[in-house]
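Q: Attaching a predicted model along with its sequence, questions to come.
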Amino acid sequence: MSSATADAWSEGENLFTRLRLRFRSWRRTRPFWAGLLAMIAGIPIMYLPYAHLSLGGMTVAMSTTAGAGSLIIGILLIVLGLTAWYQPAVRVFAGVATTLLTLVSIPVSNLAGFGLALIPGLVGGGLMVSWAPLKEWAAADLPAAGDGAADEAAAGYAADDTEAVPAVAEQATGPKHAAPAAGADIPAQAAGEPEEAR
């Protein structure tokens, strides 16, 4: 039994364990890590152009003329991360948009937040595009262990091979004509008679 087919929780679990297992089952049905990385990428892009860092007694302001653009890109990355969580059907669009916005933030927002947002944004966008929902396996689809399904399949394959040999030989030598039953009408061409005799 894999973790994908295990029961979500048993009856005797406490509240914390039930909440943790419920969150785990929710997380597995959507591109959770991709959305989280996109939101993490949006924070430094949005924050750093408006930050005032103190280095000793000197205050360094990193605000530029593109501060509004950085704010918009950061908010859009956070919105795309939430979209991947709550609307997994549009994950491909969200992933492509996350990747493009991260690349646009390189010239617009202080080299993508001094590189702090570049790797999480690109990895998050790639994970969104490549994520696919887990396929649900029905119990009828899986063969039971020791039921001989593999032996039956192998026997059927061997039977098909033995029947295929005469068919191949017939194709190589040409079709064989069966002898007609006694008293049956024989067409002139099948009997080999010329057309004038008909």
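A: Right, received. Where do you want to start? Residues are numbered from 1 along each chain as shown.
Q: Can you show me the helices along the protein?
A: Listed in chain order, the helices of the chain (DSSP state H) span residues 15-27, 32-47, 67-86, 91-108, 110-114, 118-130, 149-173, 188-191.
Q: of all those, which lies closest to Ser54?
A: Evaluated over the helices of the chain, closeness to Ser54 peaks at helix 32-47, with 15.3 Å, by CB to CB. Where C-beta positions appear, they are placed from N, C-alpha and C, glycine not excepted.
Q: What about the spatially closest residue to Gly121 that is not a sequence neighbour, how many residues nearby?
A: Nearest residue to Gly121 in three dimensions, chain neighbours excluded: Thr102, at 3.0 Å (CB to CB, 6 or more residues apart in numbering). Neighbours of Thr102 under the rule other CB atoms under 10 Å: 27.
Q: got the contact list for Thr102?
A: Counting by CB atoms under 8 Å, 6 or more residues apart in numbering, Thr102 touches Ala41, Leu77, Ala112, Ala117, Leu118, Gly121, Leu122, Gly125.
Q: distance of the closest residue to the fifth one other than its chain neighbours from Val90?
A: It stands for Leu118. Spatial nearest neighbour of Leu118, chain neighbours left out: Ala112 (4.2 Å); criterion: CB to CB, 6+ apart. As defined by CB to CB, to the nearest Å, Ala112 lies at a distance of 24 Å from Val90.
Q: And these two? Which one has more around it.
A: Shown here are Ala112 and Val90; by other CB under 10 Å, Ala112 has more neighbours (27 against 14).
Q: On the pLDDT front, check the more buried one for me.
A: We have a pLDDT of 75 for Ala112.
Q: change the start of the numbering to 19 and stick with it
A: With 19 as the first residue, the last one maps to Ala130.
Q: if I look at it, how far off is Pro49?
A: Distance from Ala130 to Pro49, by CB to CB: 21 Å.
Q: Can you name the residues bridging to His70?
A: Judged by DSSP bridges, the bridge partners of His70 are Ala79.
Q: Does it touch Thr77 like I think?
A: Yes: between His70 and Thr77 there is a contact under CB atoms under 8 Å: 5.5 Å.
Q: list the contacts for Ala86?
A: Contact analysis of Ala86 by CB under 8 Å, 6+ apart lists nothing.
Q: one more time with 10 Å
A: The neighbours of Ala86, taking CB atoms under 10 Å, 6 or more residues apart in numbering as the test, are Pro67, Val126.
Q: Contact partners for the closest residue to Gly60 other than its chain neighbours?
A: Once flanking residues are discounted, Gly60 sits nearest to Leu95: 3.2 Å by CB to CB, 6+ apart. Leu95 makes contact with 55-61, 63-64, 112, 115-116, 119-120, 123, 135, 138-139, 142-143, according to CB under 10 Å, 6+ apart.
Q: pLDDT score assigned to Leu95?
A: Looking at Leu95, its pLDDT reads 95.
Q: Check the gap between it and Arg45 for me.
A: From Leu95 across to Arg45, the span is 20 Å (CB to CB).
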